[in-house]
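Chemist: predicted model and sequence below, questions to follow.
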Amino acid sequence: MALIKPFKAIRPAPDKAAFVASRSYEEYSKDELKSVLKYNPFSFLHIINPGFKFHKNIAGKERFKLVHNRYLEFLEDNILQKDEQDSFYLYEISKDNLTTLGFFCACSVLDYQNNVIKKHEDTIQRREKLFADYLNTVGFNAEPVLMTYSDDDTVGEILKQEAAKRPDHDFTTPDKVGHRLWKVRDSKIIERLQRAFVKTEVLYIADGHHRSASSSLLSEKKKSKNASHTGNEAYNYFMAYLIPESKIKIYEFNRMVKDLNGYSKEEFLIQLDTYFRIEKKEDGLYKPSQKHHFSMYLDGGFYSLYLRKKVYTFSDALSELDTQILYKTILEPILGISDLRNDKRIAYGYGKHNVIKMKDSVDKGEFAVGFSLVPININEIKAIADAGLVMPPKSTYIEPKLRSGLTIYEF
């Protein structure tokens, strides 16, 4: 069973929520970040960019301490306020044609360690430790882990009933994303939701693998230093946003490679012929339409690549993934790219118009070849997680993307 707990969130003051909530730091361009910090004094970005106050770039432990200080200032100025009662927090996020309703809760570190909470991506130990040190110093987490569960009628009905009430926060951010949040404080509703998850055997991490791993590392560290450890301390849990698996949206990452590893165009196509039936497409943009089918843009033209299944071995859930197939048949053996995470010759793209961007990048000479894939689906993610396997880097781009600072979890 999956354990979920209500918690006392730190939230923006009602009239400040639209100004406080921020996107992930990495999503801002340099100019956009500078503009937000200059003109919006309530943005959560001021907390995680404390050096702006001193017109200085600050890193490491010094930055962590200053993040904590800025956080305390936001509390002292009532920009952020701590709830007095343990609650769940329903949250609806609307972008374009995608509306997702889920809820914030505290999930168990033990569930993560015991594989009740399952992952499909690998984590880097150095990043785990760095973020665990960060959490230990600042004393809070403002970025929830996105997790999914099998659709459940009981849970769906509870969320629907609560969402029919007046929200505590209701605003639209400048990027035209709608946000509504309801505080669920009724003990009977909380118990109903917890009982519904008793029969949920597994939760799947969709986004936030390093945050989960770091929370686990932090928990072990605090546990070892607490002679009175009971298991009920806040550090035994981490903040998550849970949504039914039918509501998750998964996009593909395209791959672009800077050169053909010494091959001419003709030699490269001959190499591809071992694993693929190749067809040149004459007109317009071309995207793949099914699994094990790829679109390639090379030297001003699109090609379809159909996998020759008689010469490729499907041995497990990982070998079925298109990202793994592309890696094992082209990127590694032909283009010489073995380290997908760190090799500077490969780049990744996502988004609604990414095929056009990929084509433009190749036409400009920034890359020699680009590959477009069909998005991975939730069943493939679950199969990888259930088998204890790990996807190649940049296999999925998952929405919704959550805001920082809308609910904050203190340790």
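Modeler: Structure's in. What do you need?
Chemist: and residue 362, that one's in a helix?
Modeler: Yes. Assessed by DSSP: H, G, I helix; E, B strand; the rest coil, residue 362 belongs to a helix.
Chemist: quick one: residues contacting it.
Modeler: 256, 297, 298, 368, 369, 370 (CB atoms under 8 Å, 6 or more residues apart in numbering). (Glycine included, C-beta is placed from N, CA and C.)
Chemist: against residue 362, how distant is the fourth one?
Modeler: What that stands for is residue 368. Per CB to CB, to the nearest Å, residue 368 is found 7 Å from residue 362.
Chemist: which neighbours do the two share?
Modeler: residue 298.
Chemist: please, where are all the helices along this structure?
Modeler: 17-20, 30-39, 45-48, 60-76, 109-113, 125-138, 153-163, 187-196, 209-225, 265-272, 317-320, 322-326, 354-363, 378-386 (DSSP state H).
Chemist: so for residue 281, which of those sits nearest?
Modeler: Closest approach to residue 281 among these (CB to CB): helix 354-363, 12.0 Å.
Chemist: give the buried residues for the closest one.
Modeler: Residues 354, 355, 357, 358, 359, 361, 362 are the ones in helix 354-363 that count as buried (16 or more other CB atoms under 10 Å).
Chemist: compile those residues into CSV and extend it with columns for pLDDT and distance to residue 121.
Modeler: Listed next are the buried residues of helix 354-363 as CSV, based on pLDDT from 0 to 100; distance: CB to CB, whole Å:
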residue, pLDDT, distance to residue 121
354, 87, 21
355, 92, 25
357, 93, 24
358, 95, 23
359, 96, 29
361, 96, 26
362, 97, 28
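Chemist: re the thing from before, so which of the contacts of residue 362 is the most crowded?
Modeler: Using other CB atoms under 10 Å as the neighbour test, the contacts of residue 362 are led by residue 297, with 26 neighbours.
Chemist: related to what we said a few turns ago, nearest to residue 144, out of the helices of the chain?
Modeler: Nearest of those (CB to CB): helix 209-225, 8.1 Å.
Chemist: so what does the closest one touch, helix or strand wise?
Modeler: When contacts are defined as 3 or more CB pairs under 8 Å, 6 or more residues apart in numbering; DSSP states H and E, helix 209-225 sits against helix 109-113, helix 125-138, strand 145-149, strand 237-244.
Chemist: switch to 6 Å and redo it
Modeler: helix 109-113, helix 125-138 (3 or more CB pairs under 6 Å, 6 or more residues apart in numbering; DSSP states H and E).
Chemist: now the angle from the longest one to strand 237-244?
Modeler: It refers to helix 125-138. 110 degrees (axes from the mean of the first three to the mean of the last three CA atoms, to 10 degrees).
Chemist: now stretch 104-113: buried residues?
Modeler: In terms of neighbour count (16+ other CB under 10 Å), stretch 104-113 has its buried residues at 104, 105, 106, 107, 108, 109, 111, 112.
Chemist: stretch 366-386 too?
Modeler: 367-376, 378, 380-385.
Chemist: okay, it in PDB with CA atoms only?
Modeler: What follows is stretch 366-386, C-alpha atoms only, in PDB (Å, rounded to 0.1, in the frame of the first residue of the first chain):
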ATOM      1  CA  GLU A 366      24.500  23.400 -36.500                       C
ATOM      2  CA  PHE A 367      23.900  19.600 -36.700                       C
ATOM      3  CA  ALA A 368      24.400  17.000 -39.400                       C
ATOM      4  CA  VAL A 369      21.400  14.800 -38.800                       C
ATOM      5  CA  GLY A 370      18.200  14.800 -36.600                       C
ATOM      6  CA  PHE A 371      15.900  12.000 -35.500                       C
ATOM      7  CA  SER A 372      12.300  12.300 -34.500                       C
ATOM      8  CA  LEU A 373      10.500   9.600 -32.400                       C
ATOM      9  CA  VAL A 374       7.000   8.700 -31.300                       C
ATOM     10  CA  PRO A 375       6.400   9.600 -27.600                       C
ATOM     11  CA  ILE A 376       6.800   6.900 -25.000                       C
ATOM     12  CA  ASN A 377       3.500   6.000 -23.300                       C
ATOM     13  CA  ILE A 378       2.800   5.500 -19.600                       C
ATOM     14  CA  ASN A 379       2.600   1.700 -19.900                       C
ATOM     15  CA  GLU A 380       6.200   1.700 -21.200                       C
ATOM     16  CA  ILE A 381       7.300   3.800 -18.200                       C
ATOM     17  CA  LYS A 382       5.500   1.400 -15.800                       C
ATOM     18  CA  ALA A 383       7.000  -1.700 -17.500                       C
ATOM     19  CA  ILE A 384      10.500  -0.200 -17.200                       C
ATOM     20  CA  ALA A 385       9.900   0.700 -13.500                       C
ATOM     21  CA  ASP A 386       8.400  -2.600 -12.600                       C
END
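Chemist: now that stretch: mean pLDDT?
Modeler: When pLDDT is averaged along stretch 366-386, the result is 96.
Chemist: JSON lines for the helices of the chain, including distance to residue 290?
Modeler: Listed next are the helices of the chain as JSON lines, based on distance: least, CB to CB, whole Å:
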{"stretch": "helix 17-20", "distance to residue 290": "42"}
{"stretch": "helix 30-39", "distance to residue 290": "38"}
{"stretch": "helix 45-48", "distance to residue 290": "42"}
{"stretch": "helix 60-76", "distance to residue 290": "47"}
{"stretch": "helix 109-113", "distance to residue 290": "35"}
{"stretch": "helix 125-138", "distance to residue 290": "35"}
{"stretch": "helix 153-163", "distance to residue 290": "31"}
{"stretch": "helix 187-196", "distance to residue 290": "36"}
{"stretch": "helix 209-225", "distance to residue 290": "28"}
{"stretch": "helix 265-272", "distance to residue 290": "18"}
{"stretch": "helix 317-320", "distance to residue 290": "13"}
{"stretch": "helix 322-326", "distance to residue 290": "10"}
{"stretch": "helix 354-363", "distance to residue 290": "16"}
{"stretch": "helix 378-386", "distance to residue 290": "14"}
